[in-house]
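Structure here, sequence nowhere to be found:
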């Protein structure tokens, strides 16, 4: 397939692309949030009088005024703002609505709130202790999904269990048992566009929203439940979105802004977060600590794996309980392990809450599994690449949930061999004190973490000149799926891509449906749906043409913008058929063509009580390798070279796939080496801005980033394709950790691997390296 | 220099993308907000701390993060924003290069990146890779990993040589 150009680029390079941040409506009010100054406390009094007296201020709405409405995707554990008590420092307790943003923000400073402060719990391990302060006292009363099981009178939001075989007793009989503990910091998505929402109620009771969200249909669905309003009475518009990375999935500020608008008679209300507010009020990535244990035979076969994950959700469960669950059910990841025992416990703490993040728990699990297995292979004295080849999943084996791997799942062994070869595995390394070179590999495996019923629609309609308009439900958040959709449709009809228009911005009342824009599912689900719509349109075209040419439908071909009889010379332009063919006397054969398609994977299952079942609609395998340079005197790690090899089944647009691979690699290197949201003991964020919270800058990156795609088609994929967006990150932190061990024999267990941390590990594990 | 009271508005004049604008601004209002209110919403806000560079514009020939200066400070200056870079339908070579080389994904940092690249190439029409990195080190991108941005600037430099 030949790449086409990005269909969203012209808007973006000219500054014409509009984000919610840029939108304005007549009579619009601006909202600013009054945020809690304590991490945990009863709200005694909210006094808005000074704020209300300020010029430009129209209203102050408190959390208790909106406390009749509850939200939360898996557990309805939150109200639009804190009502009776605050559960984290920075939690909104009131909102000021004013005629301009500055008045709103200044007045927000003037709202006085009295708290009766409660003891707070910031550390997730503390949260598990008997007698720890409870973040949610009435946890068991909340509405929730059946599968999520909070423990009453505790801070436990959910415990996910996976049991395959009998790991506990096999571990006792293994030749070698290796155990270790790992941690991973909470991090910020740091998408460049802060969250922004506008809500406006129509006089007929319809709620219109403009939001910088990844998943407009999820916003609609969750709002519908929270507001008890039918979905057709909610119209969610998503214009261009300035990055999401999971942070803009689900329902966030939309419910609050809808209620604020309602409180002022339906006038349009806009809430745009400052970057600092975005650190506090918008959710982040979960924090993790994990105890892992692996048992092996002396030949190097993995016999059993046990991991106990503790997942820090912050004050509300949001997606974190499902992230914790997914961390659990990926189990041993890309390895064929007969006995797997996983507990993944998601706990509440008095911190800003967490949500989905690119990789959705599976990223976190890769750090644990790949570091633990590396340590095991080194202890056994087996080459880490050979060890992985020996223990990998292959056709016929099953994942930790018992899902079967087939030939159609791709070639994991080849991915690893290429990644190892290209990074120079086994070749000489030139280290000279104090700089040491090391290489590391890791496997990568992920499918979309989705409910079995998740699905997509697509439709396309022809215009009078033979051009066509296509609609899918997924959003353009930078990943480029819309371009791939246009490319698929243009190729199917053999027409120029500029004759295909796709709905780059969404309106839930007009756009085709898709469940969510998450999990690297869009090309797979929306791509399949759009190909079904193409097939539907083609069969209508064939029916018309068969009558025009007086041949069987099977004899009609479509391509090159033409409709023709196979092997014959008779052909019609698409435009002469797609609105119905008009005969010489004015009669019409057929009628305008509208293609409709949809897609679901019918045989997925919920996981049973042992964590067994078929959760993944598609799995993408890959392997990632790095070469690093470690300065032992400073603890600074530089990634000299990165190789990512993924079996994408079929590459639709090579440039876009490579963009995901490279952009994902840089994000993963950044989070592995630099990124953490730092809290003080009272739950305040010490780095709530992009100066102190470091994301990769251009100077941090070298251009030695190599991507290789294998193409063993997936029988269920659109033209055989699989997803890549999230997978691009998975193995990189562990590959870096493994390379550090390869370089200096020092084991790192905690992310991020900051220079200070690594230097301390060197001092503890290899003090002789620091001797001058 | 004008002396203005705290809440008093000051009359300012700018030439933006070749057109004259006259407006009144509060003394403490940042240029980025003034520009956005005048309709130049391609000037983005990403961080509020002068770090991300999404608001980069050209002011009197220099690249400026428009969140680091006040609207009143810019009085009388000539400003170029992303909206003024193309000549009608004809894109500037830097815009073309960012498009062709996929120097963007979500697009939010793109206007700032392009304006900073414009300034870089104006001052150094033939930059080395290191000079490119140095030149746009004040602009953050969370999506691309920067490789394609560097490639785009190289391509633009190549094309602009012929002009």
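Everything's here; your move. Computed from a predicted structure; not experimentally measured.

What pLDDT is listed against residue 54?
Went with chain A since none was named. What the model reports as pLDDT for residue A:54 is 96.

could you do chain B instead?
pLDDT recorded at residue B:54 is 98.

Surely it and residue B:45 touch.
Yes: with contact defined as CB atoms under 8 Å, residue B:54 and residue B:45 form a contacting pair (6.4 Å). To be clear about C-beta, it is placed using only N, CA and C from the backbone, and glycine gets the same treatment.

So which of the two has more stuff around it?
Neighbour count, other CB atoms under 10 Å in any protein chain shown: between residue B:54 and residue B:45, residue B:54 has more, with 28 against 23.

which residues does that one contact?
Listed by CB atoms under 8 Å, 6 or more residues apart in numbering or on different chains, the contact partners of residue B:54 are A:192, B:44, B:45, B:46, B:47, B:108, B:109, B:111, B:112, B:139, B:140.

correct me, but the fifth one touches residue A:275?
Read that as residue B:47. Yes: judged on CB under 8 Å, residue B:47 makes contact with residue A:275 at a distance of 4.8 Å.

Quickly list what's touching both of these two.
Counting by CB under 8 Å, 6+ apart, the shared contacts of residue B:47 and residue A:275 are A:689, A:690.

that older thread, identify the farthest-apart pair in the contacts of residue B:54.
B:47 and B:111 (14.4 Å; CB to CB).

Looking at these two, which is more packed in?
Neighbours were counted for residue B:47 and for residue B:111 using other CB under 10 Å; residue B:111 has more, 31 against 24.

just to revisit the earlier point, export the contacts of residue B:54 as JSON lines, with columns for pLDDT and secondary structure.
Rendered in JSON lines, the data for the contacts of residue B:54 read as follows (pLDDT from 0 to 100; DSSP: H, G, I helix; E, B strand; the rest coil):
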{"residue": "A:192", "pLDDT": "98", "secondary structure": "coil"}
{"residue": "B:44", "pLDDT": "98", "secondary structure": "coil"}
{"residue": "B:45", "pLDDT": "98", "secondary structure": "coil"}
{"residue": "B:46", "pLDDT": "97", "secondary structure": "coil"}
{"residue": "B:47", "pLDDT": "96", "secondary structure": "coil"}
{"residue": "B:108", "pLDDT": "98", "secondary structure": "coil"}
{"residue": "B:109", "pLDDT": "98", "secondary structure": "coil"}
{"residue": "B:111", "pLDDT": "98", "secondary structure": "helix"}
{"residue": "B:112", "pLDDT": "98", "secondary structure": "helix"}
{"residue": "B:139", "pLDDT": "98", "secondary structure": "coil"}
{"residue": "B:140", "pLDDT": "98", "secondary structure": "coil"}
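
what's the closest of those to residue A:517?
Distance to residue A:517 across the contacts of residue B:54 (CB to CB) is lowest for residue B:108, with 16.4 Å.

Compute the number of surrounding residues for that closest one.
By other CB under 10 Å, 32 other residues sit near residue B:108.

Please apply the same query to residue A:183.
15.

Please apply the same query to residue A:481.
Neighbour count for residue A:481, taken as other CB under 10 Å: 26.
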